[in-house]
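Here is the input, now give the coordinates:
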Amino acid sequence: MTITPTNNVDAPPTHALQRLRSSIVGAGTRAGTRAGARLGALLRPRRGSETGGTAFAKPTDNVPLGILWMIGATILLAIAAAVAKWQVQFYPVGEVMFIRSLAGLVVCAALILPVSGFAVFSTKRPGAHVARGLSQAISQTLTVIAVSLMPLAGAVAISFSAPLWAALLSILWLKERAGPARWAVLLTGFSGVIIVTNPGVDAFQIGALFALGNAIMYGSVTVAVRGMTATESSNTLLMWQMVTMAICHSFLLLFGFRWPTAIDGAMMAFGGIANAAAQYTWTKALLLAPTSAVSPFYYLMLVWAMVIGFVVWGDVPTAALLIGSAIVIAAGMFLLWHETKRR
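Numbers count the residues shown, from 1 in each chain. From the prediction side, this is the model:
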């Protein structure tokens, strides 16, 4: 949800985004400007010795365990999105986002700080962490708005177009060469998005715009933080993200607040805990196994979203949703395979 992840944690990393980051770094260095140099320093991957103390080496790949962590992340993301969809029927979006972010932060802090202390925030890349948290805060807010206006599975399916947007940006922005096959895959994938949005149903189209906004953000803004799992611990990534998200979502309270009942407050908190757990399990999956091995299992989130949507809201998957989702997923899988092959 992202939600990559959603939808919403980092979307499955793409090498197109990595090249985009490298181009930005190179541009800043060549220009020789102070702003360019600072931007390059922010986006450049750091070695473990540069992260302020302990070097976090990537553990030996454990693909089966990484896959299990990714599947767990998709289940938790679907649950968190469903809880938010239910709550925004009765409470302002900003309130739901803040309470779930605050609940996730409190739980994470209670588990991590007694063991690691405030040293968990030690890093030489605070700007990158803030950028990551900000992108997640915006992306998750767009996702919640989307699911409030359209079926849960539909919003999830549209979020799967993030790799397509990343590939398109690399072509338009970096002037990356793209052969006929790649263009055909992109056009096919975007046609799948159009099918999922089901033109002609007004409410669905409005929700789809927010879902598309989430996907586009995952395909562009998160370029600043690719590769952070290689230099930062999962606890450091999680705590920085949860603090940044809670601060960002607190500003949304200006748009309305209604004191929740005990049950509703508990549900919002549960959604926040599920979302925070999803952030951790997603990061853990990427630490344990290559992206190409675990990313395909991210698409299982659509299955859980369909099941929850049917059980809770009686949403029956339409032919347009199934066909469009299949096209988008196939296009995303091809791009993942193509990028892996080019490495």
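
in the chain, what secondary structure element scores lowest on mean pLDDT?
helix 34-43 (a mean of 40; mean pLDDT, DSSP states H and E).

on contacts alone, who are the packing partners of the helix or strand just after that helix?
Counting by DSSP states H and E, the element after helix 34-43 in chain order, helix or strand, is helix 63-87. Judged by 3 or more Cβ pairs under 8 Å, 6 or more residues apart in numbering; DSSP states H and E, helix 63-87 is in contact with helix 93-116, helix 126-149, helix 152-159, helix 262-288, helix 291-294, helix 301-313. In this view, the C-beta of every residue, glycine as well, is placed from N, C-alpha and C.

Going by neighbour count, list what's buried in the first one.
Spelled out, it's helix 93-116. Buried residues in helix 93-116, counting neighbours by 16 or more other Cβ atoms under 10 Å, are found at 93-108, 112.

can you check the last one too?
By 16+ other Cβ under 10 Å, the buried positions in helix 301-313 come out as 301-302, 304-306, 308-309.

What helices and strands are in contact with that helix?
Going by 3+ Cβ pairs under 8 Å, 6+ apart, helix 301-313 lies up against helix 63-87, helix 152-159.

what does it rub up against?
By Cβ atoms under 8 Å, 6 or more residues apart in numbering, the residues outside helix 301-313 that reach it are 1, 5-7, 74-75, 77-79, 81-82, 86, 151-153, 155-157, 160, 315-317, 325, 329.

Report pLDDT for V147.
According to the prediction, V147 has pLDDT 94.

That one: what's it in contact with?
1, 81-82, 84-85, 155, 207 are the contacts of V147 under Cβ under 8 Å, 6+ apart.

redo that, cut-off 10 Å
1, 3, 7, 81-82, 84-86, 88, 153-156, 207, 210-211, 305, 309 (Cβ atoms under 10 Å, 6 or more residues apart in numbering).

What of I75?
If a contact means Cβ under 10 Å, 6+ apart, then I75 has 274, 277-278, 281, 300-301, 303-304, 308 as its contacts.

And these, which is closest to F190?
Within the contacts of I75, distances to F190 taken as Cβ to Cβ reach their minimum at M301, with 20.2 Å.

Skipping its backbone neighbours, what lies nearest that closest one in space?
Distances taken as Cβ to Cβ, 6 or more residues apart in numbering place T74 nearest to M301, at 3.9 Å, with adjacent residues excluded.

Hmm, the one you found is touching W282, no?
Yes. With contacts counted by Cβ atoms under 10 Å, T74 reaches W282, the gap being 8.8 Å.

Pull the number of nearby residues for I206.
Neighbours of I206 under the rule other Cβ atoms under 10 Å: 13.

Need the pLDDT of it.
I206 is given a pLDDT of 85.

what does W69 give?
With respect to pLDDT, W69 has a value of 96.

Any idea how many residues pack against it?
Other residues close to W69 by other Cβ under 10 Å number 22.

One more: the one 3 residues further on?
Under the neighbour criterion other Cβ under 10 Å, G72 is assigned a count of 18.

what do you get for A266?
Around A266 there are 12 residues (other Cβ under 10 Å).

Tell me the spacing between it and K85.
17 Å (Cβ to Cβ, to the nearest Å).

N275 too?
From N275 to K85 the distance is 13 Å (Cβ to Cβ).

how about low-confidence regions in the stretch 51-200 of the chain?
By pLDDT under 70, the low-scoring segments of the stretch 51-200 of the chain are 51-60, 174, 199-200.

quick revisit: so between N275 and K85, which is more surrounded?
Between N275 and K85, N275 has the larger neighbour count (other Cβ under 10 Å), namely 31 against 26.

Quick check, the more buried one in contact with A103.
Yes. Using Cβ under 10 Å, N275 makes contact with A103 at a distance of 8.8 Å.

Please verify my assumption that G265 contacts W259.
Yes. G265 lies in contact with W259 (Cβ under 10 Å); the separation is 8.6 Å.

which neighbours do those two share?
Y91.

which of the two has more neighbours?
Neighbour comparison, G265 and W259: the larger count goes to G265, with 15 against 8 (by other Cβ under 10 Å).

OK, contacts around the nearest residue to the more buried one once chain neighbours are set aside?
Distances taken as Cβ to Cβ, 6+ apart put I99 closest to G265, at 6.9 Å, once the chain neighbours are dropped. If a contact means Cβ under 10 Å, 6+ apart, then I99 has 87, 91, 246, 249, 253, 257, 260, 264-265, 267-269, 271-272 as its contacts.
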